[in-house]
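Visitor: 3D, please:
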Amino acid sequence: MARKPYIGRLGRKIKQHKRQFVRELKAETVVKRLELVILRVYPRRIIHSKKYNGPLAAACGRDETGLIGLILWGEQIERIRIGDIVLVQSGWCTQRDGELVVSTGLSGQITVIDR
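Guide: Numbers count the residues shown, from 1 in each chain. The predicted model follows:
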């Protein structure tokens with residue numbers, strides 16, 4: 001049976017990627033499809049830089065293989081709650097203070113798939 005294509009917010013077909021796990025992530029690589037349970041959301045702060053001005057919050061999530069830091073931008077801070085299961089697509093993985101951190105960056109998206 002053929003899979004139905006996923007239609008994104010802009011009405012375009014988005015390729016469904018195989019699920020990734022925290023243990024497979026590497027710094028400076030694309031995060032294609034990562035499902036996490038949100039364990040903690042830290043207080044938001046305001047950032048002023050060349051690329052972004054606005055609210056930012058750190059969070060912590062996990063899957064069955066490990067823990068990962070997560071950066072929430074703008075309206076994502078209000079949508080994401082402790083205990084949510086989220087899907088990060090087309091995000092970015094980087095390393096900060098020796099730990100891996102995932103972000104949606106400019107082109108990625110984060111979706112709550114279960115509360």
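Visitor: residue nearest the centroid of the protein?
Guide: Centroid-nearest residue in the chain: Val88, 3.8 Å away (criterion: CA atoms, centre = their mean).
Visitor: ok, now which ones touch that one?
Guide: 31, 33-36, 70, 102, 104, 108-110 (CB atoms under 8 Å, 6 or more residues apart in numbering). All C-beta atoms are positioned from the backbone trio N, CA, C, and that covers glycine.
Visitor: in TSV, list these along with pLDDT, neighbour count and distance to Ile46.
Guide: Converted to TSV, these look like this (pLDDT from 0 to 100; neighbours: other CB atoms under 10 Å; distance: CB to CB, whole Å):
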residue	pLDDT	neighbour count	distance to Ile46
Val31	94	21	25
Arg33	95	15	30
Leu34	96	24	27
Glu35	96	18	29
Leu36	97	22	25
Leu70	97	25	18
Val102	97	24	21
Thr104	94	20	18
Gly108	92	17	21
Gln109	94	15	22
Ile110	96	23	20
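Visitor: low-confidence ranges in this protein?
Guide: Applying pLDDT under 70 to the chain flags residues 1-15.
Visitor: can you give me the strands for it?
Guide: Secondary structure of the chain (DSSP state E): strands located at 6-7, 13-14, 29-41, 45-48, 53-63, 66-73, 85-96, 99-103, 109-114.
Visitor: if we can go back for a sec, adding distance to Ile82, write the contacts of Val88 out as a markdown table.
Guide: Formatted as a markdown table, those follow (distance: CB to CB, whole Å):
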| residue | distance to Ile82 |
| --- | --- |
| Val31 | 21 |
| Arg33 | 22 |
| Leu34 | 18 |
| Glu35 | 16 |
| Leu36 | 12 |
| Leu70 | 12 |
| Val102 | 17 |
| Thr104 | 19 |
| Gly108 | 21 |
| Gln109 | 20 |
| Ile110 | 15 |
